[in-house]
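Asker: have a look at this fold, sequence not included:
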């Protein structure tokens, strides 16, 4: 047997073994409750993975990160990231959300698809590259907390510790297609003012009636710049609240507006346009401005590597930890986004196998 063929067989064997370990880790993660800000148990499981593979790691709160063995500060770094927190199971589950089992090739359980399959696939990929000496890039992997709640103790809180990050691969279910852009999120609390009065008396300044005009503006307004990958900015009034008594006209009517921002705008720009467009009796406050849109050029080496392997590019409407990154980032992972947060969540076992193999091949195309 030639040395080259022997090396290829060893590599294949290593990937297969790591994939099996990853699937077993995912089973353990599913069976350990890890709601946002309550990820202590899954953090320990992730620590154990690194210990078993003799990989030094660091931890702050429930975020765990590790660098490749031969980290070289003169080289740029690729950040691999996915999260280990979950939402709470909805009331339509027919299975135990914390019981991992395989049926018809599907691995069921809360967090299996979003984003446990991505996380364990990236951990296997990182471990595969961990002790390689011949890399053009460094690797750092972060298993992050509080992604689902956009909490303060998630990925954003540990970015200051990461060295020389040039770009990121963020593990979210994309069917292993290349999400080269992601919409940002801007949530606005909007208060429409009026004059309080008894309902029996005339009142031309009813805050609820005033709110109709504001709601209509959000329904009809279109931002001028449209993105090739993400389309238009989307504005949606999602909540309304006013009054507490049948015979009292309230002094204000409160709205919540969900805005999905394309990569042509900064959240601050959107905020200013909204403020300038609404009448003076409307107060607008953003809940945060940091969940921005994300993108990576289509001609970036990591994207070109994926395209060469038959992957397609698209723009993602859903939010992820990409929103807290300032570097270019690619969203990529096994599983299907439409299964996320659904009852009886699952991921196909073969999707994880494909995920590890494709992560390795795409990264080998550039490192």
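Answerer: Everything's here; your move. Predicted, not measured: the structure shown is a model, and the values here were computed from it.
Asker: burial check on the nearest residue to residue 90 once chain neighbours are set aside, number of neighbours?
Answerer: Excluding the flanking residues, the one nearest residue 90 by CB to CB, 6 or more residues apart in numbering is residue 343, at 5.7 Å. To be clear about C-beta, it is placed using only N, CA and C from the backbone, and glycine gets the same treatment. For residue 343, the neighbour count with other CB atoms under 10 Å is 14.
Asker: just checking, residue 343 is part of a strand?
Answerer: No: assessed with DSSP: H, G, I helix; E, B strand; the rest coil, residue 343 is coil; it does not lie in a strand.
Asker: tell me the pLDDT of it.
Answerer: Looking at residue 343, its pLDDT is 95.
Asker: kindly report the same for residue 7.
Answerer: On the pLDDT scale, residue 7 gets 47.
Asker: what's the answer for the one 3 residues further on, then?
Answerer: As summarised for this prediction, residue 10 has a pLDDT of 48.
Asker: and for residue 17?
Answerer: With respect to pLDDT, residue 17 scores 94.
Asker: for it, grab phi and psi.
Answerer: Phi and psi for residue 17, reported as degrees, to the nearest 10, are phi -70, psi -40.
Asker: can you get me a residue count around it?
Answerer: Close neighbours of residue 17, defined as other CB under 10 Å, add up to 13.
Asker: from residue 127, how far off is it?
Answerer: Separation of residue 17 from residue 127 (CB to CB, to the nearest Å): 10 Å.
Asker: what do you get for residue 82?
Answerer: Counting by CB to CB, the gap from residue 82 to residue 127 is 14 Å.
Asker: who's more crowded, these two?
Answerer: Per other CB under 10 Å, whichever of residue 82 and residue 127 has more neighbours is residue 82, with 27 against 24.
Asker: contact partners for the more buried one?
Answerer: 115, 118-119, 122, 143-144, 170-172, 321, 333 (CB atoms under 8 Å, 6 or more residues apart in numbering).
Asker: try it again at 7 Å.
Answerer: Residue 82 makes contact with 115, 118-119, 122, 143, 170-171, 333, according to CB atoms under 7 Å, 6 or more residues apart in numbering.
Asker: could you do residue 183 as well?
Answerer: Counting by CB under 7 Å, 6+ apart, the residues that residue 183 touches are 230, 260-262, 293, 317.
Asker: which among those residues gets closest to residue 176?
Answerer: residue 317 (18.1 Å; CB to CB).
Asker: now the closest one. Nearest residue, chain neighbours left out?
Answerer: residue 183 (5.3 Å).
Asker: same question, residue 131
Answerer: Leaving aside its chain neighbours, residue 131 sits nearest to residue 69 (4.6 Å; criterion: CB to CB, 6+ apart).
Asker: surely that neighbour meets residue 133?
Answerer: No: in this structure, residue 69 is not within contact of residue 133 by CB atoms under 7 Å, at 8.3 Å.
Asker: list the buried residues in stretch 271-288.
Answerer: Neighbour-count burial for stretch 271-288, with 16 or more other CB atoms under 10 Å as criterion, is recorded at 271, 274, 278, 281-282, 284, 286.
Asker: just the ones of these in helices?
Answerer: Residues of these located in helices (DSSP state H): 271, 274.
Asker: which one of the buried residues of stretch 271-288 sits closest to residue 198?
Answerer: When the buried residues of stretch 271-288 are ranked by distance to residue 198 (CB to CB), residue 281 comes first, at 20.5 Å.
Asker: count the residues that sit near the closest residue in space to the closest one that isn't next to it in sequence.
Answerer: Computed as CB to CB, 6+ apart, the closest residue to residue 281 that is not its neighbour in sequence is residue 193, at 4.3 Å. By other CB under 10 Å, 17 other residues sit near residue 193.
Asker: residue 193 and residue 213: what is the separation?
Answerer: According to CB to CB, residue 193 and residue 213 sit 12 Å apart.
Asker: now swap in residue 101 and tell me
Answerer: The spacing between residue 101 and residue 213, counted by CB to CB, is 53 Å.
Asker: just the pLDDT for residue 117.
Answerer: 98.
Asker: contacts only, for it.
Answerer: Counted by CB under 7 Å, 6+ apart, residue 117 has contacts 26, 334-335, 347, 351-352, 355.
Asker: same thing but 8 Å
Answerer: So residue 117 contacts 26, 107, 173, 333-335, 347, 351-352, 355 (CB under 8 Å, 6+ apart).
Asker: pick out the residue nearest the middle of this protein.
Answerer: By CA atoms, centre = their mean, the chain has its centre lying nearest to residue 320, at 1.8 Å.
Asker: quick one: the helices in the stretch 151-300 of the chain, in order.
Answerer: For the stretch 151-300 of the chain, the helices defined by DSSP state H, counting those that start in this stretch cover 207-220, 267-277.
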